[in-house]
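>>> what follows is a predicted protein model with its sequence.
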Amino acid sequence: MATTSNVTEVILLGFSPNRNTQKIISVLFLLMYTAIVLGNGLIVVTIVASKGLTSPMYYFLSYLSLVEICYCSVTVPKLILDSFLESNVISVQGCIAQIFFLHFFGGSEIFLLTVMAYDRYVAICKPLHYTVIMNRRVCGLLVAAAWGGGLLHSTGQTFLIFQLPFCGSKALDHYFCDVHPVLKMACADTFLIGLLIIANGGSISVISFVVLLASYVVILHSLRNQSSEGRRKALSTCGSHIAVVGLFFIPCSFVYMRPCVTFPADKIVAVFYTVVTPLLNPVIYSFRNAEVKNAMRRLVERKVIRDET
C-alpha cells in the first residue's frame, strides 16, 4: 500500500445499519452457504468417487463445483461471522486479499464455463473425434489454463488497487471489498486506474462471451442434422450450461463492464453472482442429470453397506 495511506481498517456497512436486520440476513446467508457447500461438495465427491462419471463434462463440472465453494467462501463466512460478533471491520490488507481471491475464483469460473462450452461443441459437432480431442491431458491443460487465467486477472486487479493511497472515509457501502467501492476510498485521481480495471475485467468477459456465443451458434446449427432424441439430449445439456452462464455473466457484466461508479443496487446484484449462482449450480447442472443422480444413489448405498458391515 502506498506510504501516504493513513487508513488501516475498513468498515463494511453491509445491507442494513439495523443489527437485528443484519442478523436475520446473516441467518439466511448461513442457510444458503451451508446448502452451497453441501450441494457442490456432494457433486465433487460423487464425480471423484464414481467410476461411471469419467467423461470430460463431469471432470470440468467437478472443478466448477469446487470453484463455486471457494468463490462463495471469500465473502459469505465473514458476513455471517461479523453479524454474530457485532463487528463489521476488516483490515486494509484483508480487504485487498478479499479482492484478490474474489477475482481469482471469479475469473477462474468464467474461464471454466468457457472451457465447458468448448467441450460441448466438440462433443456435439465432432462426436467421432471427441475422445481423441478431449483426452485427459488436454482436459488437465484446459483446467490449468482456467486457473492460470483467473490468477493473471486477479493479480492485475489487485496490483492496480495496491497503487492507491487511502486517506478518505473508512466506510465501504458494501458487504465485501471489491474494486469499485474501494476506489471511492482513494485520495488520488482514479480515472486511469479505473479504465485499466474495466479493461482487465471487461476484456475477459467480452472474449469469453464471444467464445461462448460462437460455440452455441455452431452447436445449434449442427443440431439440425441430428435425430430428435439427439437434439433433445444435446439441448438439455446445453440448456443447463447456458442457464449457469446467464446467472453468472449477466450480473457480473452489470457490475464490472461499466465506469467505476457504485449504485445502491450493486449489493443485491452481487448476491446473484456470489451466492445465488453457486446455490443453483447443483440443481441446474447436476441434480437434473440422471447419470449424476444414479451415481449419488450408488455412492450412498455403498456407504450404507459399508457402515452395516
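That came in fine, so what should we check first? Since this is a predicted model, take the numbers as computed values, not measurements.

>>> what separates the residue nearest to Met134 when sequence neighbours are not counted from Ser50, distance-wise?
Using CB to CB, 6 or more residues apart in numbering and skipping the chain neighbours, the partner closest in space to Met134 is Pro56 (4.4 Å). Every residue, glycine included, has its C-beta placed from N, CA and C. Distance of Pro56 to Ser50, computed by CB to CB, to the nearest Å: 15 Å.

>>> the more surrounded of those two?
Comparing Pro56 with Ser50 by neighbour count (other CB atoms under 10 Å), the higher total belongs to Pro56, at 24 against 18.

>>> mind listing what's buried along the lengthiest helix in the chain?
For the chain, the helix with the greatest residue count under DSSP state H is helix 92-125. Using 16 or more other CB atoms under 10 Å as the test for burial, helix 92-125 gives 92, 95-96, 98-125.

>>> how about the next helix or strand after it: buried residues?
The C-terminal neighbour of helix 92-125 among helices and strands, as given by DSSP states H and E, is helix 130-133. Within helix 130-133, the residues that count as buried by 16+ other CB under 10 Å are Tyr130.

>>> just the mean pLDDT for the next helix or strand after helix 130-133, thanks.
The first helix or strand that comes after helix 130-133 along the chain, using DSSP H and E, is helix 136-162. Helix 136-162 shows a mean pLDDT of 94.

>>> same check, this time on stretch 298-305
Mean predicted confidence for stretch 298-305 is 74.

>>> where does pLDDT dip in this structure?
In the predicted model, the chain carries pLDDT under 70 at residues 1-6, 168-169, 229-230, 237, 260, 286-288, 303-309.

>>> which parts of it are helices?
Going by DSSP H, the chain shows helices at 19-49, 56-73, 76-85, 92-125, 130-133, 136-162, 179-183, 191-222, 228-256, 266-271, 277-281, 290-308.

>>> of all these, which one is nearest Val10?
Among the helices of the chain, the nearest to Val10 by CB to CB is helix 92-125 (5.0 Å).

>>> follow-up on the earlier one: what angle sits between the longest helix of the chain and helix 136-162?
150 degrees (axes from the mean of the first three to the mean of the last three CA atoms, to 10 degrees).

>>> returning to what we had before: is it true that the residue nearest to Met134 touches Val132?
No: in this structure, Pro56 is not within contact of Val132 by CB atoms under 8 Å, at 11.8 Å.

>>> overlap in contacts, the two.
Between them, Pro56 and Val132 share no contacting residue under CB atoms under 8 Å, 6 or more residues apart in numbering.

>>> on that earlier part again, list the contacts of the residue nearest to Met134.
Per CB under 8 Å, 6+ apart, neighbours of Pro56: Asp119, Ala123, Met134, Cys139.

>>> rerun that using 6 Å as the cut-off
Contact partners of Pro56, counting by CB atoms under 6 Å, 6 or more residues apart in numbering, are Asp119, Met134, Cys139.

>>> can you report how many residues neighbour the residue nearest to Val182 when sequence neighbours are not counted?
Closest residue to Val182 apart from its sequence neighbours, by CB to CB, 6+ apart: Ile161 at 6.0 Å. Residues lying near Ile161 (other CB under 10 Å) number 23.

>>> likewise for Pro77?
13.

>>> can you count the residues close to the residue lying closest to it once chain neighbours are set aside?
Of all residues not flanking Pro77 in the chain, Tyr33 sits nearest, at 7.0 Å (CB to CB, 6+ apart). Neighbourhood size, Tyr33 [other CB under 10 Å]: 22.

>>> so Tyr33 makes contact with Lys78?
No: applying CB atoms under 6 Å as the test, Tyr33 and Lys78 come out as separate, 11.0 Å apart.

>>> hmm, back to that, ok, the residue nearest to Met134 to Gln98 distance?
Taking CB to CB as the measure, Pro56 falls 32 Å from Gln98.

>>> repeat for Gln157
From Gln157 across to Gln98, the span is 12 Å (CB to CB).

>>> next: Cys187.
21 Å.

>>> now swap in Ile250 and tell me
Using CB to CB, we find Ile250 at a distance of 23 Å from Gln98.

>>> could you do Gln163 as well?
Gln163 sits 18 Å away from Gln98, going by CB to CB.

>>> and what of Val89?
For Val89, the distance to Gln98 equals 13 Å [CB to CB].

>>> skipping adjacent residues, who's closest to Ala123 in space?
Among residues not flanking Ala123 along the chain, Tyr130 sits closest, at 5.2 Å (CB to CB, 6+ apart).
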